[in-house]
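Need the 3D shape of this:
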Amino acid sequence: MHRNSNFSFSLHLTGAGAYGQQVELRGGDAITVNITHMDNLVLEATFSGAATGAGPLKIAGVIKLHRAAPAEQPTGNFGNCDPVIYDKLAGAEWRSPSECEVKFDAYARKGLTAALAPVVSSFTAGGWRVMKQVETQSLTSIPRHTESKPFQLNEQQMHQSSAFYVLFGLPDSSPAVERLNQAAMDQMQKAIAAAQAGHAVPMDAANDAARALDEASKIGITVAINLASQGISNFKGGHTVTQLAGGGFAVEAPYVQAPTGGDIAAAQRVTYVFVGAWAPPPASRPGGADEEILVKGALNPAKLLAVQNIRIRIQGSTANAQQVIRSIDWSALKALLAGN
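I've put the predicted structure just below:
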């Protein structure tokens, strides 16, 4: 273990004489750690090398850590699989999933991928590029204390393996982007000219043009399942609630607070699609004031590994959101909900 790496080694000897000193890596010191055994209950390793305390020292030792076997905890069942949690991440923030959770996660992702496949085909055929999308990988970790709750797939957990998403962008050379970019630049030039002439600065028009460019040239789609509720902070009232022909309903809000927070300057136009066990929110109140919209889900706590509701978040223009909704394979979503 070299001193200039991202790792460190220190040893505090609490005995007398040569056995009472602080030891650490200095200069060309190096310690090699060899893990001989590691599972969810045992960690055994040896280490040897040179370090510096009151003077140069040769170091060698053995590490043996054991913990009592925790009580086996089951998760939900999902067909032919083992529901017991065998936690290999003892002490970590997240835990190991059960075999049934891994199987269900793969099932849910496969169904959502099928549902959004026509969306990807539709937009890429129109010149859009997939800028980023979730990678297909087996579930390896999951938040603790979730084994007794309906399984969630939710980007709010801030963990790559928990999110399901796809992001599109139009190339800068696209005629639509060039047109909107020019409009934004024209409005900004007008604002600058007005400021130089001592007139009122029309920044609202410049900001609206920049928003139009962003909304028309970028699309962000994220999907979550089994949410108890969805809160929407809209800085300007005027959300709409629409029943969808494919099932469920959509809520569009023009100034939704960004997932990273911030004020109206970073707000986004977002359309939410709700399918399954959801209750539609009331219509927008008049006046255009800021509003907090709450869409409530209805989950059966006994159905742990089942898709009970689906929420799709579409960030982008109204026209692009409608194209996403029209392109979704609704039969794939209904199959997920029917497989409970």
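
Does the residue nearest to Thr52 when sequence neighbours are not counted lie in a helix or a strand, and which?
Of all residues not flanking Thr52 in the chain, Arg26 sits nearest, at 4.3 Å (CB to CB, 6 or more residues apart in numbering). Heads up, the C-betas are built off the backbone N, CA and C, glycines and all. Assigned by DSSP states H and E, Arg26 falls within no helix or strand.

Now name the helix or strand holding Arg179.
Assigned by DSSP H and E, Arg179 falls in helix 175-196.

Also Leu336?
In this assignment (DSSP H and E), Leu336 forms part of helix 330-338.

now Ile325
Using DSSP H and E, Ile325 falls in helix 318-327.

How about Arg211?
Using DSSP H and E, Arg211 sits in helix 203-217.

Please apply the same query to Val119.
helix 99-125.

Show the secondary-structure elements that that helix is packed against.
Applying 3 or more CB pairs under 8 Å, 6 or more residues apart in numbering; DSSP states H and E, we find helix 99-125 packed against strand 164-169, strand 218-225, helix 318-327, helix 330-338.

For Gln230, name its beta-bridge partners.
Val295 (DSSP bridges).

quick one: terminal-to-terminal distance for stretch 311-320?
End-to-end distance of stretch 311-320: 17 Å, with CA to CA, to the nearest Å as the criterion.

So Tyr19 is in contact with Leu13, correct?
Yes - shown here, Tyr19 and Leu13 form a contact pair, counting by CB atoms under 8 Å, at 4.8 Å.

Comparing these two, which shows the higher neighbour count?
Higher neighbour count among Tyr19 and Leu13: Leu13, with 14 against 9, using other CB atoms under 10 Å.

Could you check how far the more buried one is from Ala51?
11 Å (CB to CB, to the nearest Å).

any shared contact partners between these two?
Shared contacts of Leu13 and Ala51 (CB atoms under 8 Å, 6 or more residues apart in numbering): Val23.

quick one: average pLDDT of stretch 44-55?
Mean per-residue pLDDT for stretch 44-55: 89.

residues of that stretch that come out buried?
Within stretch 44-55, the residues that qualify as buried are 47, 49, 51-53, counting by 16 or more other CB atoms under 10 Å.

Just the C-alphas of it, formatted as CSV.
C-alpha atoms of stretch 44-55 as CSV (Å, rounded to 0.1, in the frame of the first residue of the first chain):
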residue,chain,number,x,y,z
GLU,A,44,-9.3,-12.1,7.6
ALA,A,45,-6.2,-10.5,6.2
THR,A,46,-2.4,-10.3,6.6
PHE,A,47,-0.3,-7.2,6.2
SER,A,48,3.5,-6.6,6.0
GLY,A,49,6.0,-4.0,4.8
ALA,A,50,7.8,-0.9,6.1
ALA,A,51,6.5,2.1,8.0
THR,A,52,7.9,4.9,10.1
GLY,A,53,7.3,5.7,13.8
ALA,A,54,10.1,7.0,16.0
GLY,A,55,12.2,5.5,13.2
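
Could you report the neighbour count for Leu294?
Leu294 sits with 11 neighbouring residues when counted by other CB under 10 Å.

no wait, Glu99
Per other CB under 10 Å, the neighbour tally for Glu99 reads 16.

what about it, distance to Gly53?
Glu99 is 48 Å from Gly53, by CB to CB.

swap in Val275?
For Val275, the distance to Gly53 - CB to CB - is 64 Å.

Also Ala210?
Distance of Ala210 to Gly53, given as CB to CB: 61 Å.

now swap in Pro83 and tell me
51 Å.

circling back: check what contacts the helix holding Ile325 and list those residues.
The contact list for helix 318-327, computed with CB under 8 Å, 6+ apart, reads 118-119, 121-123, 215-216, 219, 221, 244, 246, 250, 252, 269, 271, 273, 314, 316.

quick revisit: and of the buried residues of stretch 44-55, the nearest to Phe168?
Phe47 (50.1 Å; CB to CB).

Verify the stated contact: that closest one with Ile35.
No - Phe47 is beyond contact range of Ile35, at 9.9 Å (criterion: CB under 8 Å).

Count the neighbours of Ile31 for me.
Counted with other CB under 10 Å, residues neighbouring Ile31 total 23.

Could you list everything it pairs with in the sheet?
Counting by DSSP bridges, Ile31 is bridged to Gly49.

and if you look at Ala60?
On the basis of DSSP bridges, Ala60 is bridged to Ser48.
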